[in-house]
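Engineer: Just the structure for this:
(chains A, B, C and D)
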There are 2 protein chains.
Amino acid sequence: MARKAPPRRPLRKHKRNGEAGTPRAARLEEVARMAGVSPITVSRALRNPGIVAEETRGRIARAVKKIGYVRNFNAGALASRKTTTIGIIVPTIMDIGFSEAIHGFYDTLGEQEYQLLLGVSDYSEEEEERLVRDFLAHRAAGVILTGVSHGPEVRRLLTGMAVPTVEFWGLTQNPIDLCIGFSNFDAAYAMTRHLVRLGYKKIAFVSPLIGSAMRDNDRTRDRREGHRKALRDSSLSIDENLFASGRLDFQSGAAALLELVEKRPDVDAIFFGNDVMAAGALMECQKRGWQVPKKVAIAGFGDSDLSTIVQPALTTVRIQRHAMGKRAAELLLERIAGNTQVPKIVDLGFDVIQREST
Amino acid sequence: MARKAPPRRPLRKHKRNGEAGTPRAARLEEVARMAGVSPITVSRALRNPGIVAEETRGRIARAVKKIGYVRNFNAGALASRKTTTIGIIVPTIMDIGFSEAIHGFYDTLGEQEYQLLLGVSDYSEEEEERLVRDFLAHRAAGVILTGVSHGPEVRRLLTGMAVPTVEFWGLTQNPIDLCIGFSNFDAAYAMTRHLVRLGYKKIAFVSPLIGSAMRDNDRTRDRREGHRKALRDSSLSIDENLFASGRLDFQSGAAALLELVEKRPDVDAIFFGNDVMAAGALMECQKRGWQVPKKVAIAGFGDSDLSTIVQPALTTVRIQRHAMGKRAAELLLERIAGNTQVPKIVDLGFDVIQREST
DNA sequence: ATGGCGTATGGTAGCGTTAACACGTCGTTG
DNA sequence: CAACGACGTGTTAACGCTACCATACGCCAT
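Structural biologist: Here you go, the predicted model:
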């Protein structure tokens, strides 16, 4: 119940900033006093040195150094309603693809005085939503999300607070704000058509399962569907025995290979949804003395540096992992800067890289 | 110059919060009004639901949902002088070891309502210092640093603002605050001693060079020195032709192998400072039909999943990458919680893993 | 009754910064 | 030579929240 209790007598002067309390970080005002200027001038000297007279700037710099003043972004953010914080969510950082994308962001953000809030969703939409909420609570200047399928709340939150947003690693006609990536469907389609062109007829597909929940996701699904479409368009029958799945690691790649060979001994090519699994399978073939691609052709997805180092070198789909991150950050920054000319949808494409394994 | 300019006439009432301005995010007060309570009660319901009556909490929850209220951590941090932000700096995220450590942090932090500010220093002390400064400007509740050697300012800043700090991935007797890791010196020493015990006499060492500056760092140096010490303690001569270095990638691993074989054809074992380079060398041997370990033994460092998948499986030093991150976060949180019983220095040790390559 | 205690809630001030405006000085211009 | 703009700096009032104290009420032990 709301109880209105008018104060009886004047409250004691409320001083939180007790003189004998915990030592506090220096404030702008103390720097100002030492430099003989007002706080606002110090603030300006720190954020936009150009508009403060050279001599004043020098005195301020000395005072800052002497006192050991460190800015308080929280207070600044509150007063200006602006931050230099960017939030980014990836499903995992154990996949070199996402690591490389983050590396790409850094190439752009690092030079721009932005800070990076990192969220790892473990492929969970609930977790992603929680992270977005945290980013908004920090009043992040922008948000970068992996993929183009998110919980409904995510979209509502982001558009509601009008936060510049980039979705990367996939494409959609209806992005939350901006989107940059490639078509997983088209990429898988292209690879399977490529394998057909090389003469393979019994082409298997292996879906990587991910996260602690061992699910697939929209990106994996798109790839599988692209593969199926390519088979149909090539008048090849679709046999469910030519589909397998497994955890995204070397061991499961090897296991998927064995499972497929067991179910369909005449399988002549296997298209793995991820390079890591393909490399695992390649190693297994080598152990067993199976000739690749003679006994079975193997293709991957992602063009990680593994693919050139394994024997035989892996045929795979190259995607612009680093560029995806770099460009995503660039787009976001332009959007934050208020540039309205930013393209909404950027397709970075992909390349089918033919090597020795097919 | 400080000019005192007393205001002539009363300033116009200053309203930033113009009614026709940009739409603003909802405030606590609006939620409070709708729920018929005071702002402070809403604040409590959000941060510590237990102390608010169930019924009140319900009304508040409904109001929050209806208005679409999102907390403002900046204002909260300013008022309470506390944050739930942890800053972490790694030299790179392209190394699976650091990725796994970050993954480890997440296992601890994610459940604890903390947010992660990520900094990538690219092995630069200047950049590390800049990042620490940024974290402090955010008033991070704690900071995690890679390695135990930092610029002098870093230590001063961190101790000056009394921020709980964990250094990981190395050990020192004089940590900034806490430190958790293993001895790079001892680990390399142990591996070289192991190789000597296996009968190898001409044991080479390859230092990975890192960052855009292509330098080594304290960790690499420690490993190299550990190796040298092991040679001395084994009465083996130290030949500078048995040392090489190269960029931390597959190709450079292969190149270092060839360089060493060229300089000293009788080299019988090569200890790579990193698994990735060792794997690259292994691939090269395979390409050339060189028997490992018959022609030359190869050992790595890090026990990445590569090491079990290559042929022959790689002898390496296992370090607790995931545990290092997880424990680092645990220590930090206890420290933040004010627990004074936290151990200052935690040695996670290492294991020499003998496989087929030596 | 009286006092003490635990639970639930509220008023007020202040956290450290910046936006918005104001003002004084100087050199330029009509 | 007044008007004007550019420049450098200052005053004031927020920004949205939480710490600190205070209050109101019910309950139980004196």
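
Engineer: only C-alpha atoms for contact and neighbour calcs from this point on.
Structural biologist: Will do.

Engineer: what pLDDT does the residue in chain A that DNA strand D sits nearest to get?
Structural biologist: Going by CA to the nearest atom of the strand, DNA strand D is nearest to A:Ala79 of chain A, at 3.1 Å. Model confidence at A:Ala79, expressed as pLDDT, equals 96.

Engineer: One more: A:Asp249?
Structural biologist: 89.

Engineer: In contact with it, which residues?
Structural biologist: Going by CA atoms under 8 Å, 6 or more residues apart in numbering or on different chains, A:Asp249 touches A:Val276, A:Met277, A:Gly280.

Engineer: B:His322 versus the nearest residue to the last one once chain neighbours are set aside, what's the distance?
Structural biologist: Counting by CA to CA, 6 or more residues apart in numbering or on different chains, A:Phe250 is the residue found nearest to A:Gly280 once chain neighbours are left out, at 4.0 Å. Going from A:Phe250 to B:His322 by CA to CA, to the nearest Å gives 19 Å.

Engineer: For these two, indicate the residue with more neighbours.
Structural biologist: When A:Phe250 and B:His322 are compared on other CA atoms under 10 Å in any protein chain shown, the one with more neighbours turns out to be A:Phe250, at 22 against 19.

Engineer: these two touch, right, that one and A:Met277?
Structural biologist: Yes. Counting by CA atoms under 8 Å, A:Phe250 touches A:Met277, with 5.1 Å between them.

Engineer: Overlap of the contact sets of those two?
Structural biologist: Shared contacts of A:Phe250 and A:Met277 (CA under 8 Å, 6+ apart): none.

Engineer: burial count for A:Glu259?
Structural biologist: A:Glu259 has 17 neighbouring residues, counting by other CA under 10 Å.

Engineer: What helix or strand is it located in?
Structural biologist: Element membership of A:Glu259 [criterion: DSSP states H and E] is helix A:250-263.

Engineer: Tell me the helix or strand right after that helix.
Structural biologist: The first helix or strand that comes after helix A:250-263 along the chain, using DSSP H and E, is strand A:269-272.

Engineer: So which other helices or strands are in contact with that following strand?
Structural biologist: In terms of contacts (3 or more CA pairs under 8 Å, 6 or more residues apart in numbering or on different chains; DSSP states H and E), strand A:269-272 is packed against strand A:203-209, strand A:297-299.

Engineer: can you pull the contacts of A:Val143?
Structural biologist: By CA under 8 Å, 6+ apart, A:Val143 lies in contact with A:Ile86, A:Gly87, A:Ile88, A:Val132, A:Phe135, A:Val163, A:Pro164, A:Thr165, A:Val166.

Engineer: Distance to DNA strand D and secondary structure for those residues - can I get that in CSV?
Structural biologist: Shown next, in CSV, are those (distance: CA to the nearest atom of the strand, whole Å; DSSP: H, G, I helix; E, B strand; the rest coil):
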residue, distance to DNA strand D, secondary structure
A:Ile86, 19, strand
A:Gly87, 19, strand
A:Ile88, 22, strand
A:Val132, 16, helix
A:Phe135, 14, helix
A:Val163, 15, coil
A:Pro164, 18, coil
A:Thr165, 21, strand
A:Val166, 25, strand
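
Engineer: Quick one: buried ones out of the residues you listed?
Structural biologist: For these, a burial check counting by 16 or more other CA atoms under 10 Å in any protein chain shown picks out A:Ile86, A:Gly87, A:Ile88, A:Val132, A:Phe135, A:Val163, A:Pro164, A:Thr165, A:Val166.

Engineer: State the distance from A:Trp290 to A:Met283.
Structural biologist: Applying CA to CA, the value for A:Trp290 to A:Met283 is 10 Å.

Engineer: typo on my end, A:Leu333
Structural biologist: Counting by CA to CA, the separation of A:Leu333 from A:Met283 is 43 Å.

Engineer: what helix or strand does the nearest residue to A:Met34 once chain neighbours are set aside sit in?
Structural biologist: Once flanking residues are discounted, A:Met34 sits nearest to A:Ala63: 6.1 Å by CA to CA, 6+ apart. Here A:Ala63 sits within helix A:54-67, counting by DSSP H and E.

Engineer: The helix or strand that comes right after that helix to helix B:73-80, inter-axis angle?
Structural biologist: Heading C-terminal from helix A:54-67, the first helix or strand you meet, by DSSP H and E, is helix A:73-80. Counting by axes from the mean of the first three to the mean of the last three CA atoms, to 10 degrees, helix A:73-80 lies at 120 degrees to helix B:73-80.

Engineer: in what helix or strand does A:Leu118 lie?
Structural biologist: Element membership of A:Leu118, judged by DSSP H and E, is strand A:115-120.

Engineer: helices and strands around that strand, which ones?
Structural biologist: The criterion is 3+ CA pairs under 8 Å, 6+ apart, and the helices and strands that strand A:115-120 contacts are strand A:85-90, helix A:125-137, strand B:115-120.

Engineer: now with 7 Å?
Structural biologist: Here strand A:115-120 touches strand A:85-90, strand B:115-120, going by 3 or more CA pairs under 7 Å, 6 or more residues apart in numbering or on different chains; DSSP states H and E.

Engineer: closest one to A:Gly302 among those strands?
Structural biologist: Closest approach to A:Gly302 among the helices and strands packed on strand A:115-120 is made by strand A:85-90 (16.3 Å; CA to CA).

Engineer: What is the closest one packed up against?
Structural biologist: For strand A:85-90, the packing partners by 3+ CA pairs under 7 Å, 6+ apart come out as strand A:115-120, strand A:142-146.

Engineer: Pipe these into CSV and attach mean pLDDT and distance to DNA strand C per row.
Structural biologist: Below are the helices and strands packed on strand A:85-90 laid out as CSV (pLDDT from 0 to 100; distance: least, CA to the nearest atom of the strand, whole Å):
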stretch, mean pLDDT, distance to DNA strand C
strand A:115-120, 97, 15
strand A:142-146, 97, 17
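
Engineer: quick one: which of those is nearest B:Ala140?
Structural biologist: Counting by CA to CA, B:Ala140 lies closest to strand A:115-120 out of these; the figure is 11.9 Å.

Engineer: and the angle from the closest one to helix A:125-137?
Structural biologist: Angle, strand A:115-120 to helix A:125-137, by the same axes, to 10 degrees: 160 degrees.

Engineer: ok, so what distance separates the most centrally placed residue in chain A from B:Ile176?
Structural biologist: The centroid of chain A falls nearest to A:Val90 when counting by CA atoms, centre = their mean (4.0 Å). Remark: distance between A:Val90 and B:Ile176 (CA to CA) = 31 Å.

Engineer: same deal with A:Arg71?
Structural biologist: Taken as CA to CA, the span from A:Arg71 to B:Ile176 is 22 Å.

Engineer: Report the contact partners of the closest residue to A:Asn274 other than its chain neighbours.
Structural biologist: Distances taken as CA to CA, 6+ apart put A:Phe301 closest to A:Asn274, at 4.5 Å, once the chain neighbours are dropped. By CA atoms under 7 Å, 6 or more residues apart in numbering or on different chains, the contact list for A:Phe301 reads A:Phe272, A:Gly273, A:Asn274, A:Asp275, A:Thr316, A:Val317.

Engineer: From the residues you listed, list the buried ones, please.
Structural biologist: For those, a burial check counting by 16+ other CA under 10 Å picks out A:Phe272, A:Gly273, A:Asn274, A:Asp275, A:Thr316, A:Val317.

Engineer: Could you let me know which of these ends up closest to B:Glu153?
Structural biologist: Using CA to CA, these come closest to B:Glu153 at A:Asp275, 43.1 Å.

Engineer: which element is A:Ser357 on?
Structural biologist: Short version, using DSSP H and E: A:Ser357 is in no helix or strand.
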